[in-house]
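> requesting a structural model of the entry that follows:
(one chain, ligands or ions: 2)
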Amino acid sequence: MSVRHFLSMMDYTPDELVGLIRRAIELKDLRNRGVLFEPLKNRVLGMIFEKASTRTRLSFEAGMIQLGGQAIFLSPRDTQLGRGEPIGDAAIVMSSMLDAVMIRTFAHSNLTEFAAKSKVPVINGLSDDLHPCQLLADMQTFLEHRGSIAGKTVAWIGDGNNMCNSYIEAAIQFDFQLKVACPEGYEPDARFLALAGDRVQVLRDPREAVAGAHLVSTDVWASMGQEDEAEQRMALFRPYQVTPALLDNAAPDVLFMHCLPAHRGEEISLDMLDDPRSVAWAQAENRLHAQKALLELLVEPAYHHA
Ligand code: CP
Ligand code: NVA
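Ligands and ions are numbered 1, 2, ... in the order given. You can find the predicted model right below:
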């Protein structure tokens, strides 16, 4: 039997994705009501982090514990992966001991190589190409605040990076229009644009992209791994800062999201996260609930007693 992974938003049908998000809202409610729900007792998630993380690590680790299981944090510094053990070999061994593996890495091919040899589900906790777990949380947050996102307009302002690529996939799967405003040369990957067809428009002017939008989202101007380019990017991206004044051009009920960590004074103004239209904190919390729904779906439930 071939195992199911979550490497991209395209790995699931639109109905499955909406179902996942609805389940996330139910799991959030269970937790808010203090109901113990431990279907993953004795199950273990391995988490390989080749890049830094606050939210992804915490939400997966806390999520597994809350579901009755456990999570193990692994970094290249203290595993043989950092000393050149082939990814496929690591996948065979790790997946013989674990019930699921979450990986945050650089090249997306590291994820697909691992998944190809893994006996257990592999979850993309961010690659240079995509950040699908964040999109589950973002879509949940929109649904909770405004209802279905189908037919709405979303503006992505800034770098055409991994988050932007995942927004393109979400536009296809959740049926919304996406307007990307980015500097020349920083467009999202052509493969994702081709997949989306006329669902996605690439523009230069952030005001044009934001006009009438129901959701505006942005991210850092230099992603992890691009530290050397940071200075050059700062100057180029300056006109793309998201401010409350920019949001005034959007729909009156617009929401603002940022996957965090944020750099106030760069991609957002100092006051952007304090604006009543910002839902960034709810969005961050929803990483926990959305990923618990994902883990519940992907990881086999508790063992039987002998
Ligand atoms: N948004 C997000 O993935 O945050 P971390 O880098 O802290 O995990
Ligand atoms: N685009 C950012 C997202 C961080 C959550 C990065 O890849 O560093």
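> kindly report the residues of the stretch 201-306 of the chain close to ligand 1.
Listed as neighbours of ligand 1 in the stretch 201-306 of the chain under the rule CB under 6 Å from any ligand atom: 259-261. In this view, the C-beta of every residue, glycine as well, is placed from N, C-alpha and C.
> rerun that using 5 Å as the cut-off
Cys259 (CB under 5 Å from any ligand atom).
> hey, where'd the helices end up in the stretch 201-306 of the chain?
Under the criterion DSSP state H, counting those that start in this stretch, the stretch 201-306 of the chain carries helices at the ranges 206-210, 230-237, 244-247, 280-298.
> could you dump those to TSV with mean pLDDT and mean neighbour count?
Output for the helices of the stretch 201-306 of the chain, formatted as TSV (pLDDT from 0 to 100; neighbours: other CB atoms under 10 Å):
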stretch	mean pLDDT	mean neighbour count
helix 206-210	98	21
helix 230-237	97	14
helix 244-247	98	17
helix 280-298	98	22
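> tell me the contacts of Leu17?
9, 136, 139, 173-174 (CB atoms under 8 Å, 6 or more residues apart in numbering).
> mind doing that once more with 10 Å?
9-11, 132, 135-136, 139, 169-170, 173-174 (CB atoms under 10 Å, 6 or more residues apart in numbering).
> do Ala171 as well
Applying CB under 10 Å, 6+ apart, the residues near Ala171 are 9, 149, 152-154, 156, 177-180, 192, 195-196, 199-200.
> tell me the buried residues within those.
Neighbour-count burial (16 or more other CB atoms under 10 Å) is assigned, among these, to 9, 149, 152-154, 156, 177-180, 192, 195-196, 200.
> so who does the nearest residue to Phe256 once chain neighbours are set aside touch?
Spatial nearest neighbour of Phe256, chain neighbours left out: Ser278 (4.4 Å); criterion: CB to CB, 6 or more residues apart in numbering. Contact analysis of Ser278 by CB under 10 Å, 6+ apart lists 216, 242, 244, 247, 255-258, 262, 268, 271-272.
> next: Ser75.
Listed by CB under 10 Å, 6+ apart, the contact set of Ser75 reads 47-52, 81-82, 104.
> which of the buried ones among the contacts of Ala171 sits closest to Leu58?
The shortest approach to Leu58 among the buried ones among the contacts of Ala171 belongs to Met9, at 22.1 Å (CB to CB).
> so what's that closest one up against?
17, 124, 130-133, 135-136, 139, 165-174.
> let's see that with 7 Å instead.
17, 132, 135, 166, 169-170, 173 (CB atoms under 7 Å, 6 or more residues apart in numbering).
> of those, buried ones?
Of the contacts of Met9, these count as buried by 16+ other CB under 10 Å: 17, 132, 135, 166, 169-170, 173.
> which of these sit farthest apart?
Top of the distance list for the buried ones among the contacts of Met9 (CB to CB): Leu17 and Ser166, 12.0 Å.
> so which residues of the stretch 151-300 of the chain form strands?
For the stretch 151-300 of the chain, applying DSSP state E, counting those that start in this stretch gives strands covering 153-157, 177-181, 200-203, 215-218, 255-258.
> for the second one, list the C-alpha coordinates in PDB.
Once non-C-alpha atoms are left out, strand 177-181 reads as follows in PDB (Å, rounded to 0.1, in the frame of the first residue of the first chain):
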ATOM      1  CA  GLN A 177      -8.100  34.900  -7.500                       C
ATOM      2  CA  LEU A 178      -4.500  35.800  -6.500                       C
ATOM      3  CA  LYS A 179      -2.800  39.000  -7.400                       C
ATOM      4  CA  VAL A 180       1.000  39.000  -6.800                       C
ATOM      5  CA  ALA A 181       2.800  42.300  -6.600                       C
END
